[in-house]
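A.B. asks: Predicted coordinates and the sequence they were generated for:
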Amino acid sequence: MPKPPSSQDPEDTFDISLMEKVARGDHSAFEELVQRHQYAVVGTVAKMLGNHSEAEDIAQQVFLRLWKSAGRYKPTAKFTTFLFTITRNLVFNETRRRARRGEQSLEEQADAWHHQFQEKEHSQPDARLLESELREAVNRAITSLPQKQRMAVVLRRHENMSYEDIATILGISVSAVKSQLFRARTTLRQMLSQFLEAPSNSSKND
């Protein structure tokens, strides 16, 4: 039986070997997989939901599903695409759950933060503070994107994934991934332009 293309990647080959052990009930192999990927999963969940306090709980659910699905796992693609497909499903489920409960949308949170930023930039013009605020503005802007665009941006920007891997995770074509990223970047440029202009306008008025 020919090896899948992903087996050419030593890191992926190691992950697959760990998954084979997990499928046989090896708890130490599972713990090693968690250690290898928990930071990326928690970070992705936090960026997707805009809430770091809930990220670890969702990440635990991701790895629980990974454990339960180990026996059905087939290395037809990279292990990380399998892991982040589980992550996508749980994040999207959580987004829908929030919508049903009528919780404040990410867009509303971004708008509220925008007003706070405008107030701070006039009262606290320290360059380091503004740089920190701008980083937060970027994160808030990302969380306000539609969920597929948001996931594409997070996986591309923070996890350095290929278009092909992102396409597998999102269940869309590579061209659709590029389209999602193009629309997301256009939106982000529009949203962040007001923040980028704020410091320069403030300095001109001093």
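C.D. replies: All right, it came through fine.
A.B. asks: How is the residue nearest to residue 23 when sequence neighbours are not counted assigned, secondary-structure-wise?
C.D. replies: Computed as Cβ to Cβ, 6 or more residues apart in numbering, the closest residue to residue 23 that is not its neighbour in sequence is residue 70, at 4.3 Å. Backbone N, C-alpha and C define where each C-beta goes, glycine included. Under DSSP: H, G, I helix; E, B strand; the rest coil, residue 70 falls in the helix class.
A.B. asks: and residue 70, how many neighbours does it have?
C.D. replies: A count of nearby residues for residue 70, using other Cβ atoms under 10 Å, gives 20.
A.B. asks: same thing with residue 163?
C.D. replies: 17.
A.B. asks: Then the one 3 residues further on?
C.D. replies: The local packing count at residue 166 equals 26, with neighbours defined by other Cβ under 10 Å.
A.B. asks: Distance of it relative to residue 144?
C.D. replies: Per Cβ to Cβ, to the nearest Å, residue 166 is found 20 Å from residue 144.
A.B. asks: if we can go back for a sec, may I ask you to confirm that the residue nearest to residue 23 is in contact with residue 19?
C.D. replies: Yes. With contacts counted by Cβ atoms under 8 Å, residue 70 reaches residue 19, the gap being 5.8 Å.
A.B. asks: Contacts for stretch 71-90, please.
C.D. replies: 4, 6-7, 9, 12, 15-16, 19, 23, 37, 40-41, 44-45, 58-59, 61-62, 65-66, 69, 151, 155, 159, 161, 165, 168-170 (Cβ atoms under 8 Å, 6 or more residues apart in numbering).
A.B. asks: out of those, which are buried?
C.D. replies: For those, a neighbour count by 16 or more other Cβ atoms under 10 Å gives the buried set as 6, 12, 15-16, 19, 23, 37, 40-41, 44-45, 58-59, 61-62, 66, 151, 155, 159, 161, 165, 168-170.
A.B. asks: So which of those residues belong to helices?
C.D. replies: 12, 15-16, 19, 23, 37, 40-41, 44-45, 58-59, 61-62, 66, 151, 155, 165, 168-170 (DSSP state H).
A.B. asks: Let me know the distance separating the nearest residue to residue 63 once chain neighbours are set aside from residue 148.
C.D. replies: Closest residue to residue 63 apart from its sequence neighbours, by Cβ to Cβ, 6+ apart: residue 34 at 5.4 Å. Distance of residue 34 to residue 148, computed by Cβ to Cβ: 27 Å.
A.B. asks: more neighbours, those two?
C.D. replies: Taking residue 34 and residue 148 together and counting by other Cβ under 10 Å, residue 148 has the greater number of neighbours (19 against 16).
A.B. asks: if I look at that one, how far off is residue 77?
C.D. replies: 19 Å.
A.B. asks: How about residue 83?
C.D. replies: For residue 83, the distance to residue 77 - Cβ to Cβ - is 11 Å.
A.B. asks: Between the two, tell me which one has more neighbours.
C.D. replies: Neighbour count, other Cβ under 10 Å: between residue 83 and residue 77, residue 83 has more, with 24 against 17.
A.B. asks: List the buried residues of the strand or helix carrying the more buried one.
C.D. replies: Taking DSSP states H and E as the criterion, residue 83 maps to helix 79-101. For helix 79-101, the neighbour count (16+ other Cβ under 10 Å) marks 79-84, 86-88, 90-91, 94-95 as buried.
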